[in-house]
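**Q** have a look at this prediction, sequence included:
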Amino acid sequence: MENQEIIDALKNFDTPSITNVVATYPSHPLCLGLYNPWTENWYTDQTLRCMYPELERTVGYAVTCVFGLPDPNFSRLSFLDVLEALDASPKPTVLVLQQKFPEELAGKVGLAGGIMTSAMKSAGCLGVVSNGPSRDLDEIRPMNFQYLISGVTPGHGDMAVHAVNVPVSVAGMDVSPGEIIHMDENGACKFPAEQLSAVHTNVQALLDEETEKVNQLQKATTLQDIKNVFSGHSYGKEDDS
């Protein structure tokens, strides 16, 4: 399968299923073990909210940027540079936007509204993951553009682009440009683009395995039946068979 086909196919799986094969269960044969699941920052924490849970899962190549207050000593970059990075990236893209604002302002930065979102979507972007708020939810909703952000707020003041396509950290997830982002209403995770095929193969196999286990559990009529199903599973005990 081509990478674009795999990206489309990964929309058939929720983000927790993706995390399961990326790193969550390192002792499972279908887990790729790409990270130490606890010590490495490869998925988002509980501080983000999915603004449009009714949308399908979003998968794309990460383009990154950093926004903050204007700096009189640095005005080289603008939002157009972000759009150029989105345009130059393999498609589709997800913008991972780190907001670096003073603590007293961080909760009041309605950063990406309808105009910015329209431009990003035209450049091949499907969604944004950001550690700060946004605005214009009603305007963005018909665009089928996903937002995984900290919340909403209606306004903002002057702001500026501090960096484009650099490593960023958003809500407990460290992202480098070009990594794959998978996100849905559960949150987001990342993995290297060269692992696309392996992630797809293993997540399908794991889903098949879990479907069979659910079918067995639904047919169980005694506690011993349930123990037999869980025997050998990562959250069952070997001696329960």
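**A** That came through fine.
**Q** where exactly do the strands run in the chain?
**A** Along the chain, counting by DSSP state E, strands occupy 49-50, 58-68, 93-100, 125-130, 146-149, 160-164, 168-170, 173-175, 180-184, 187-191.
**Q** distance check, Q146 against A160.
**A** 25 Å (CB to CB, to the nearest Å). From N, CA and C alone the C-beta is placed, and that goes for glycine too.
**Q** wait, T19 sits on Y43?
**A** Yes - between T19 and Y43 there is a contact under CB atoms under 8 Å: 5.7 Å.
**Q** overlap in contacts, those two.
**A** C189 (CB atoms under 8 Å, 6 or more residues apart in numbering).
**Q** ok, the residue most central in space within the chain - contacts?
**A** Nearest residue to the geometric centre of the chain (CA atoms, centre = their mean): A188, 2.4 Å. Residues in contact with A188, defined by CB under 8 Å, 6+ apart, are 15, 43-44, 48, 94, 129, 148, 173, 181-182.
**Q** what's the angle between the longest helix belonging to the chain and strand 187-191?
**A** Ranked by residue count and defined by DSSP state H, the top helix of the chain is helix 196-219. Per axes from the mean of the first three to the mean of the last three CA atoms, to 10 degrees, the angle that helix 196-219 makes with strand 187-191 is 130 degrees.
**Q** from here on, call the first residue 460.
**A** Right, with 460 as the first residue, what we last looked at is helix 655-678.
**Q** now do the buried residues in helix 655-678.
**A** Applying a neighbour-count criterion of 16 or more other CB atoms under 10 Å, one finds 655, 657-659, 661-663, 665-666 buried in helix 655-678.
**Q** need the mean per-residue confidence for that helix.
**A** Here helix 655-678 scores 89 as its mean pLDDT.
**Q** what does stretch 636-644 give?
**A** On average, stretch 636-644 scores 98.
**Q** mind checking the end-to-end distance for it?
**A** End-to-end span of stretch 636-644 (CA to CA, to the nearest Å): 23 Å.
**Q** what does stretch 641-654 give?
**A** Stretch 641-654 end-to-end distance (CA to CA) = 13 Å.
**Q** and what of stretch 629-643?
**A** With CA to CA, one end of stretch 629-643 sits 16 Å from the other.
**Q** what does stretch 640-658 give?
**A** One end of stretch 640-658 to the other measures 12 Å (CA to CA).
**Q** buried set for it?
**A** 640-650, 654-655, 657-658.
**Q** what comes up buried for stretch 506-520?
**A** For stretch 506-520, by 16+ other CB under 10 Å, it's 507, 509-511, 514, 516-520.
**Q** distance of G614 relative to L666?
**A** For G614, the distance to L666 - CB to CB - is 43 Å.
**Q** over to G583?
**A** 29 Å.
**Q** quick check: which ranges of the chain have low pLDDT?
**A** For the chain, the stretches flagged by pLDDT under 70 are 691-700.
**Q** the nearest residue to Q605 once chain neighbours are set aside and T523, how far apart?
**A** Computed as CB to CB, 6 or more residues apart in numbering, the closest residue to Q605 that is not its neighbour in sequence is G586, at 3.4 Å. From G586 across to T523, the span is 14 Å (CB to CB).
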